[in-house]
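# could you work out the structure for the sequence below:
(one chain, ligands or ions: 1)
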Amino acid sequence: MQQTRVSELNNNRIFLESQAARESNARSYPRRLPLAIKKAEGIQVTDMDGKVYYDCLAGAGTLALGHNHPVVVEAIKSTLDQKLPLHTLDITTPLKEAFVDELFASLPEQFARDARIHFCGPTGADAVEAAVKLAKTVTGRSGIFAFHGGYHGSTHAGMSLSGTLHQKGEIPGLMPDVHFLPYPYAYRCPFGVGGEQCQRLGIRYIRSILNDPESGVRPPAAMVLEIVQGEGGSIPAPAEWLREIRRITEQHGIVLIVDEVQTGFGRTGKLFAFEHAGILPDILVLSKAIGGSLPLSVLVYRKQFDCWRPGAHIGTFRGNQLAMAAGLASLRYINGRNIPEQAGLRGRQLMQRLLDLKAKVSEIGDVRGLGLMIGVEVVHGQGETDSLGQPLAHPELAASIQRKCFQRGLILELGGRHSSVIRFLPPLIVTASEIDAIAEIFSGAVREACGAAQEMNALA
Ligand SMILES: Cc1ncc(COP(=O)(O)O)c(C=O)c1O
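Down below sits the predicted model:
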């Protein structure tokens, strides 16, 4: 199909066929969300057939203020109108200054006072790469501690630090010396105990490998973690677990890298998710929402760590002025309108609706999250368990619920173990009535999908 012909046609199917014929086999979202987008505003997107959807994927959490928010559009227009440079490598500009001012003013004072910022280029994964290099430079150590279920990007180092075996399984020679630790995932507790015991045993295990002279694990340069595991299935770490992690990393001279690529900028009900636990990172990784819809990523880290050499982490696209303008406008809006608080409120509203549904539907095994980062874990409803005695994940049913939501005009993504967690990541500007509408669509889709699954079982 010729490009010119495709772009003239108002039809999803033609675009999807063309995409499938020309784009790489590694493409991902279009396989489960088969639409071509014509326009988008706020929480809504309209496809080429004119169908309107609630977008609860929102650029995988990038669109904090939704699609084409007026303050973002205005910031972009004004940058263009002023003939400001669009790209400057890492040469500074008044726009960059203003962006850094606003970001530093938004961070806890104790952290910002002594912080340095490094612009990366410009994905979350590149910033994670930079964080790891910095931690290795600071400590002279080579190892990294990461967590089961974590996700830190799709580059070699990002993937090495991630739990995603389905992605990394086929690739030899990923970054060596990464040691994985249990995350406090109480619903599928690796120790088989769940609840608070799960986090206590996890902490004990980490302390033990660091204190045992025969553990075989050398003290690492850094520990990298998400405060709420995103792709891992919207799993929040308890505040007390995080405080213990902070104590352990301090005691052992381990650089604590907090990856807020997905949680950053209000999503969890605080501007930065680490604020829930009252801890401070050594290196903070930010991307997605900080560019106000456009590509941008940065590290913010303690000044005392600023020992890497000039040019130690470079890359061409580190000077995206439009992203800084959009990010600055978003951040000002988020700070000025108490958006994190709103996200917390709307998150609790959605969570309650989902918990009500869970009480009636045995296939919903768990509902969890923080702010507007919520996951619904789908399991076999008859109490079936896996070889570890844990609820049996039901990826087919999760996919069927996702499909039925999509048919009803609700875009949701899957994640977590066996892709059996349905993830809600709506823009932070979602209203109370939109949450009700989303919950309504979701409930209908769950009932229909579960009904169909039960009929299939009865026939089998
Ligand atoms: C926590 C976290 N870190 C890093 C990344 C990688 O970001 P990017 O896809 O921009 O490379 C992601 C992406 O989803 C993420 O959720």
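
# contacts and neighbour counts: CA atoms only from here.
OK.

# number of residues surrounding K77?
K77: 14 surrounding residues under other Cα atoms under 10 Å.

# SS state for it?
helix (DSSP: H, G, I helix; E, B strand; the rest coil).

# pLDDT wise, what is it at?
K77 carries a pLDDT score of 98 in this model.

# which stretches of the stretch 101-250 of the chain have low pLDDT?
Within the stretch 101-250 of the chain, no range satisfies pLDDT under 70.

# as a check, name the ranges of all helices in it.
109-112, 124-139, 156-160, 165-168, 195-211, 239-251 (DSSP state H, counting those that start in this stretch).

# off-centre distance for the fifth one?
With Cα atoms, centre = their mean, to the nearest Å as the basis, the distance from the averaged C-alpha position of helix 195-211 to the chain average is 25 Å.

# any chance of the helices of the stretch 101-250 of the chain in TSV with distance to the ligand and mean neighbour count as columns?
As requested, the helices of the stretch 101-250 of the chain are exported to TSV (distance: least, Cα to the nearest ligand atom, whole Å; neighbours: other Cα atoms under 10 Å):
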stretch	distance to the ligand	mean neighbour count
helix 109-112	21	14
helix 124-139	3	24
helix 156-160	7	20
helix 165-168	13	12
helix 195-211	20	16
helix 239-251	16	16
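
# thought G202 was touching P184?
Yes: applying Cα atoms under 8 Å, one finds G202 in contact with P184, separated by 6.8 Å.

# ok, G381 - contacts?
Residues near G381 by Cα atoms under 8 Å, 6 or more residues apart in numbering: V361, S362, E363, I364, G365.

# how about 7 Å then?
S362, E363 (Cα atoms under 7 Å, 6 or more residues apart in numbering).

# same question for A58.
By Cα under 7 Å, 6+ apart, the neighbours of A58 are G66, L425, P426, P427.

# quick one, grab the pLDDT at the first one.
In the prediction, the pLDDT value recorded for G66 is 98.

# quick check: closest non-adjacent residue to it.
G42 (4.4 Å; Cα to Cα, 6 or more residues apart in numbering).

# touching, that neighbour and A64? I think so.
No: judged on Cα atoms under 7 Å, G42 makes no contact with A64 at a distance of 9.8 Å.

# more neighbours: which of these two?
A64 (33 against 21).

# which stretch of helix or strand covers the closest residue to the more buried one other than its chain neighbours?
Nearest non-adjacent residue to A64, counting by Cα to Cα, 6+ apart: P427, 4.9 Å away. Using DSSP states H and E, P427 maps to neither a helix nor a strand.

# now P427: how far from the ligand?
For P427, the distance to the ligand equals 15 Å [Cα to the nearest ligand atom, to the nearest Å].

# neighbours around that residue, how many?
Residues near P427, counting by other Cα under 10 Å: 27.

# in contact with it, which residues?
Here P427 is in contact with I43, C56, A58, L63, A64, L65, G66 (Cα under 7 Å, 6+ apart).

# from those residues, pick the one nearest the ligand.
Closest approach to the ligand among those (Cα to the nearest ligand atom): A58, at 11.8 Å.

# R346 is in contact with A432, correct?
Yes: using Cα under 7 Å, A432 is in contact with R346, at 6.5 Å.

# hey, C-alpha coordinates of the stretch of helix or strand V285 belongs to in PDB?
Here V285 is covered by strand 283-286, with elements defined by DSSP H and E. Output of strand 283-286 as PDB, limited to C-alpha atoms (Å, rounded to 0.1, in the frame of the first residue of the first chain):
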ATOM      1  CA  ILE A 283      20.100   9.400  42.000                       C
ATOM      2  CA  LEU A 284      16.600  10.100  40.700                       C
ATOM      3  CA  VAL A 285      15.700   9.100  37.100                       C
ATOM      4  CA  LEU A 286      13.000  11.100  35.400                       C
END
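
# report the mean per-residue pLDDT for it.
Per-residue scores along strand 283-286 average to 98.

# again, but for stretch 321-341
98.

# just stretch 389-409 next, same as before
Mean predicted lDDT for stretch 389-409 stands at 97.

# what does stretch 366-376 give?
98.

# give me the distance between the two termini of that stretch.
6 Å (Cα to Cα, to the nearest Å).

# for stretch 309-329, same thing?
Stretch 309-329 end-to-end distance (Cα to Cα) = 32 Å.

# does any part of the strand holding V285 sit near the ligand?
No: Strand 283-286 is not in contact with the ligand by Cα under 6 Å from any ligand atom; minimum separation 8.0 Å.
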